[in-house]
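Engineer: My questions are about this predicted structure, shown below with the sequence.
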Amino acid sequence: MMNLEDQLRCERECTRLCNDFAWAVDTFHYDAFVSLFTPDGVFDRAGQVSRGGVEIRKFLNARPADRVTRHVCTNIRIDLVSPEAAAGNCYTLVFQAQAETAASLPRPTPLPMVVEYHDDYSLTDEGWKIQHRKLKIVFQP
């Protein structure tokens, strides 16, 4: 039987995973990014699938170093499915632009993409982790 305390802990930890995901990719903290997933975790970017930490790291390392991104997450919803599993989703605005050479200049950006992340989470010995994250593009400028 799942109790309210377990449900609230799950919601809090999985919401933190959503926010940490955005922070880690936006700040190029790729070790932190990979650690959000279970060892066999899957990141499906609209059909481009990375399985496990090695493949997820390969995707991250291939990202352009001069790309500036900001992921703004909202409408995070987490549902505890069992004591060891949860499902969730969130909406995200994704802003991206090429880095400018003068740091004081505002970066020109196209309209943001709107994406949905659909997630499966697993409770591990280290806490909740992303088992499977699937990105669905909703609006693309």
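Structural biologist: Okay, I see it.
Engineer: what are the ranges of the helices in the chain?
Structural biologist: With DSSP state H as the criterion, the chain has helices at 4-26, 30-35, 52-61.
Engineer: Out of those helices, which gets nearest to H118?
Structural biologist: Taking CB to CB, helix 4-26 is the member of the helices of the chain nearest to H118, at 11.5 Å. Where you see a C-beta, it was placed from the backbone N, CA and C, and this is true even at glycine.
Engineer: distance between that closest one and the chain's centre?
Structural biologist: Distance of helix 4-26 from the chain centroid (CA atoms, centre = their mean, to the nearest Å) equals 10 Å.
Engineer: could you give the angle of it to helix 52-61?
Structural biologist: For helix 4-26 against helix 52-61, the angle by axes from the mean of the first three to the mean of the last three CA atoms, to 10 degrees is 40 degrees.
Engineer: For helix 4-26, give me every contacting residue.
Structural biologist: For helix 4-26, the external contacting residues (CB atoms under 8 Å, 6 or more residues apart in numbering) are 29-30, 32-33, 36, 60, 69-73, 76, 78, 80, 83, 86, 88, 90, 92, 117, 119, 121, 123, 127-130, 133.
Engineer: how far away is V81 from G47?
Structural biologist: Distance, V81 to G47, by CB to CB, to the nearest Å: 25 Å.
Engineer: so how far is Y91 from the closest residue in space to Q48 that isn't next to it in sequence?
Structural biologist: Spatial nearest neighbour of Q48, chain neighbours left out: F59 (7.7 Å); criterion: CB to CB, 6 or more residues apart in numbering. F59 is 22 Å from Y91, where distance means CB to CB.
Engineer: which stretches of this structure form strands?
Structural biologist: Along the chain, counting by DSSP state E, strands occupy 37-45, 48-51, 67-82, 85-98, 113-124, 127-139.
Engineer: No further questions, thank you.
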